[in-house]
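Student: Structure for the following, please:
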Amino acid sequence: MLNLLKYTLLVAVIAAACLLFSNAKASEHSYIGSKKCRVCHIKEYRSWTETKMAKAFDILKPGQRKDIKLEHGLDPDKDYTKDAKCLACHTTGYGKPGGFADIETTPDLVGVGCEMCHGAGGTYVQDQYMSLKNKNYSKAELVAVGLIGEITARTCIDTCHNPDNPTAADPYDFKFEERKDQGLHEIFPLKYKHE
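Tutor: Okay, the predicted model is just below:
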């Protein structure tokens, strides 16, 4: 009887630890919004606010980009701002921990924000990593906890710029180098080296 009690207690402790660990991991990699990035990266943030990526959510509204919607068989007068198929590519982190849920509760995650390219900031934007309190972190440390170290064509293709996109041309050919020059924020030299 004592062994059964010990075993039951051990199972309960392990289950509780697993639950705490999984919740901690989910919250660590949650989305925090581009406004948190602005604190240190103000020039990039300002530049991003003028991009198509920042304004991607607006395209989902009725009457916006009618020509493109008509060309691809979409109803130009329909409100797509609650359509899950659209939100995955026109918001930040839709369907993921801390990601866009709706315009009322997560307004800071509308549009294609910093974290769609750089990874969910819930882990790497902490005092011990990338913060105003710690300017001596290495990029490798941040990559180890969730930062996307190198943005490539795969970063874009795996999420949105692929043949599943209803406005994709047929055959689909995503021209990463050309598109990044059109749609991304300006890149400024960092004040501190993060080798």
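Student: any idea which helix or strand carries residue 88?
Tutor: helix 84-90 (DSSP states H and E).
Student: List of residues touching that helix?
Tutor: Residues outside helix 84-90 that contact it (Cβ atoms under 8 Å, 6 or more residues apart in numbering): 56-57, 59-60, 80-81, 94-95, 100, 110-112, 159-160, 165-166. Quick note: C-beta positions are derived from backbone N, CA and C, even for glycine.
Student: Pull out the buried members of the residues you listed.
Tutor: Buried members of these, scored by 16 or more other Cβ atoms under 10 Å, are 56-57, 59-60, 80-81, 94, 100, 110-112, 160, 165.
Student: Could you export the residues you listed as JSON lines, including secondary structure, distance to residue 185 and pLDDT?
Tutor: Shown next, in JSON lines, are those (DSSP: H, G, I helix; E, B strand; the rest coil; distance: Cβ to Cβ, whole Å; pLDDT from 0 to 100):
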{"residue": "56", "secondary structure": "helix", "distance to residue 185": "14", "pLDDT": "94"}
{"residue": "57", "secondary structure": "helix", "distance to residue 185": "17", "pLDDT": "97"}
{"residue": "59", "secondary structure": "helix", "distance to residue 185": "18", "pLDDT": "94"}
{"residue": "60", "secondary structure": "helix", "distance to residue 185": "21", "pLDDT": "96"}
{"residue": "80", "secondary structure": "coil", "distance to residue 185": "25", "pLDDT": "96"}
{"residue": "81", "secondary structure": "coil", "distance to residue 185": "24", "pLDDT": "96"}
{"residue": "94", "secondary structure": "coil", "distance to residue 185": "21", "pLDDT": "95"}
{"residue": "100", "secondary structure": "coil", "distance to residue 185": "19", "pLDDT": "96"}
{"residue": "110", "secondary structure": "strand", "distance to residue 185": "16", "pLDDT": "96"}
{"residue": "111", "secondary structure": "coil", "distance to residue 185": "12", "pLDDT": "96"}
{"residue": "112", "secondary structure": "coil", "distance to residue 185": "11", "pLDDT": "95"}
{"residue": "160", "secondary structure": "coil", "distance to residue 185": "17", "pLDDT": "90"}
{"residue": "165", "secondary structure": "coil", "distance to residue 185": "22", "pLDDT": "87"}
